[in-house]
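**Q** Have a look at this prediction, sequence included:
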Amino acid sequence: MTRDPRLAALAALIIGFACATPSDDGMADAEEAPTDDGATAQADLSCFLRGATVGAAEARTSPLRQVRFSYPGGEGLLCYSAPSVRGRGIIGGLVPYGEPWRAGANEPTTFHLTAATSIGGVRLEPGSYSMYAIPGRDVWRFFLNSNYERWGIPISADVRATEVGSFTVEPESTDGMVEMLTYSHEDGAIVMAWENTRIEIPVGGNGT
């Protein structure tokens, strides 16, 4: 019996429609669907840890602490390790005046940013930046640095070569003794408090 070529063509057309993938109708496959860049960056915010899990870092003598905050156009994460006073003289003692200090313990104190902003008036693009300080009796100078995937010390010449900017802050006195180093986000600023010293670092704006 001779096959009708028209029937064969019709059968092929029907099979083709049945096997079409979702992208054939103009819709992107789930794996290729465009994502919101801000949401992806926010989801990726995480602390760098050298050879430790988050749980292990939180159990250290100077435990890992995280501060999540929002600023115009973006989200931020501040990662730091929090030493305690434990009866010692801290500012001007354990943390000497005039010498670089990692502004915490263990890994560097680090900002992770999803969008451009300024910290202390220094313009920063989205990314991650370590922060350290040179304390003074009347003025502290803070430095922001693109080198953050490292241990917090030493703050060597090689580390300082990757500084991206600096700013100064006048220290204030706390209302009372602060046993453990603490950072918090308050009214558009990152506030550092330890022992009897309080530092307020403005966050937000375009740094101009």
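**A** Ah, there it is. No experiment lies behind these values; they were computed from the predicted model shown. Numbering: from 1, shown residues only.
**Q** Could you identify the helix or strand that succeeds the helix-or-strand element of the chain with minimal mean pLDDT?
**A** Confidence across the helices and strands of the chain bottoms out at helix 37-43, with a mean of 40, counting by mean pLDDT, DSSP states H and E. Secondary structure here is assigned by DSSP states H and E; on that basis, the next helix or strand after helix 37-43 toward the C-terminus is helix 54-58.
**Q** From the contact counts, what lies against that next one?
**A** Secondary structure elements in contact with helix 54-58, counted by 3 or more CB pairs under 8 Å, 6 or more residues apart in numbering; DSSP states H and E, are strand 64-71. From N, CA and C alone the C-beta is placed, and that goes for glycine too.
**Q** what about the strand it packs on, average pLDDT?
**A** The average pLDDT within strand 64-71 is 97.
**Q** Give me the buried stretch members for it, please.
**A** Along strand 64-71, these residues count as buried under the neighbour rule (16 or more other CB atoms under 10 Å): L64, R65, V67, F69, Y71.
**Q** from the chain's centre, how far out does the next helix or strand after that strand sit?
**A** Following strand 64-71 in sequence order, the next helix or strand is strand 74-81 (DSSP H and E). The chain centroid and the centroid of strand 74-81 are separated by 4 Å, computed with CA atoms, centre = their mean, to the nearest Å.
**Q** for stretch 117-126, same thing?
**A** Using CA atoms, centre = their mean, we find the averaged C-alpha position of stretch 117-126 to lie 13 Å away from the chain's own average C-alpha position.
**Q** Quick check: end-to-end length of it?
**A** Taking CA to CA, to the nearest Å, the span from the opening residue of stretch 117-126 to its closing residue is 8 Å.
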